[in-house]
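*Asks:* prediction below, plus the sequence it came from.
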Amino acid sequence: MRFRSPLPVANAPLEKTQLGNIKNTLREQICSGMLDDRQKLPSERELSELFNTTRITIKDALVSLETEGLIYREERRGWFVSPARIHYNPLSRCHFHQMIREQHRIAETKLVAVRSVMASREYARAMDIDRITPIHIIERLRSIDGRAVLFVENCLIAQWFPKILEENLTASLTHLYQQKYGYITTRSRFEVIPTAAPLHVAKALNLAAGQSVMKICRVNYKQDGEIMDCEFEYWRPDSVLIRIDSCDGE
């Protein structure tokens with residue numbers, strides 16, 4: 001669709017009023033469906049001309065709408081209209097592809113890297129490791145409808161998973177744990193925090209370095225009560241809605 005040029009707001013007496021008018025105009029065009037999901041917005045320069053204002057004011061309006069989850073930006077590509085958020089219940093035992101399929105969307109997983117290292121401070125803290133411990137780190141990039149929205153680091157305690165790196169690591173690791181090793185996740189512990197994207201995550205998700213992401217750390221326990229792995233999930237914040245329903249975890 002073509003972007004409809006709004007009425008100029010240059011005569012607005014206060015910058016705050018002008019900023020509000022810009023946000024309201026863009027929000028209305030997005031929420032009314034005049035702008036399609038993933039449609040590219042005009043450049044900041046073009047918007048500043050359309051609204052007869054400065055690029056600083058335009059940037060403030062766009063960042064505010066990004067915080068609301070209505071738009072998202074891609075490094076060196078510009079601003080786009082956000083698709084509907086995925087509903088994600090961390091308590092649910094269903095895997096990523098099943099969750100996305102049940103919401104009538106298309107999921108894809110790409111293996112980015114695999115490495116075997118000694119647990120660093122962050123991984124050791126998450127998995128309550130108090131000694132030198134070998135772990136496997138599996139990095140995967142996950143997309144919804146062709147857009148990369150989730151970077152995942154799965155950190156596995158190596159002694160529990162012999163020869164796992166020979167398996168298909170783009171498929172569900174939960175199913176692999178059960179089918180190959182007989183491990184069932186009986187308990188999980190979560191930490192959810194907005195944070196700045198690490199450089200490797202920002203690059204994978206096509207974000208600017210330091211841009212905000214939703215980070216979820218999930219520590220999984222197997223049936224004997226031992227920690228078997230942890231996951232660090234980095235979500236584009238406009239792509240996900242955390243919805244907790246305890247029934248899904250039963």
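*Replies:* Cool, the structure landed. Keep in mind the model is a prediction, meaning the values are calculated, not measured.
*Asks:* so, low pLDDT: which residues of the chain?
*Replies:* Under the criterion pLDDT under 70, the flagged ranges of the chain are 1-15, 246-250.
*Asks:* okay, now the domains of it?
*Replies:* 18-81, 86-242 (the TED database).
*Asks:* list the helices and strands the helix ranked longest in the chain packs on?
*Replies:* In the chain, taking DSSP state H as the definition, the longest helix is helix 15-31. Packing partners of helix 15-31 (3 or more Cβ pairs under 8 Å, 6 or more residues apart in numbering; DSSP states H and E): helix 55-68. C-betas here are computed from N, CA, C, even on glycine.
*Asks:* between the helix it packs on and helix 15-31, how many degrees?
*Replies:* Inter-element angle recorded for helix 55-68 and helix 15-31: 50 degrees (by axes from the mean of the first three to the mean of the last three Cα atoms, to 10 degrees).
*Asks:* which secondary structure elements does helix 55-68 contact?
*Replies:* Counting by 3+ Cβ pairs under 8 Å, 6+ apart, helix 55-68 packs on helix 15-31, helix 44-50, strand 71-74.
*Asks:* export these as JSON lines, with columns for distance to Gln98.
*Replies:* Shown next, in JSON lines, are the helices and strands packed on helix 55-68 (distance: least, Cβ to Cβ, whole Å):
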{"stretch": "helix 15-31", "distance to Gln98": "30"}
{"stretch": "helix 44-50", "distance to Gln98": "39"}
{"stretch": "strand 71-74", "distance to Gln98": "25"}
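*Asks:* what's across from the residue nearest to Arg140 when sequence neighbours are not counted in the sheet?
*Replies:* Distances taken as Cβ to Cβ, 6 or more residues apart in numbering place Val152 nearest to Arg140, at 4.9 Å, with adjacent residues excluded. In this structure, Val152 bridges to Arg140, Glu233 when assessed by DSSP bridges.
*Asks:* does Val152 touch Glu233 like I think?
*Replies:* Yes. Counting by Cβ atoms under 8 Å, Glu233 is a contact partner of Val152 at 5.3 Å.
*Asks:* list the contacts for Leu241?
*Replies:* 85-88 (Cβ atoms under 8 Å, 6 or more residues apart in numbering).
*Asks:* these two touch, right, Pro42 and Phe51?
*Replies:* No. Proximity of Pro42 to Phe51 does not meet the contact threshold set by Cβ under 8 Å, at 10.2 Å.
*Asks:* coming back round to it: are any of the contacts of Leu241 buried, and which?
*Replies:* 85-86, 88 (16 or more other Cβ atoms under 10 Å).
*Asks:* dump these into JSON lines; add secondary structure and distance to Asp229 as well.
*Replies:* As requested, the buried ones among the contacts of Leu241 are exported to JSON lines (DSSP: H, G, I helix; E, B strand; the rest coil; distance: Cβ to Cβ, whole Å):
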{"residue": "Arg85", "secondary structure": "coil", "distance to Asp229": "27"}
{"residue": "Ile86", "secondary structure": "strand", "distance to Asp229": "23"}
{"residue": "Tyr88", "secondary structure": "strand", "distance to Asp229": "19"}
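*Asks:* between the residues you listed, which is nearest Thr109?
*Replies:* Ile86 (14.4 Å; Cβ to Cβ).
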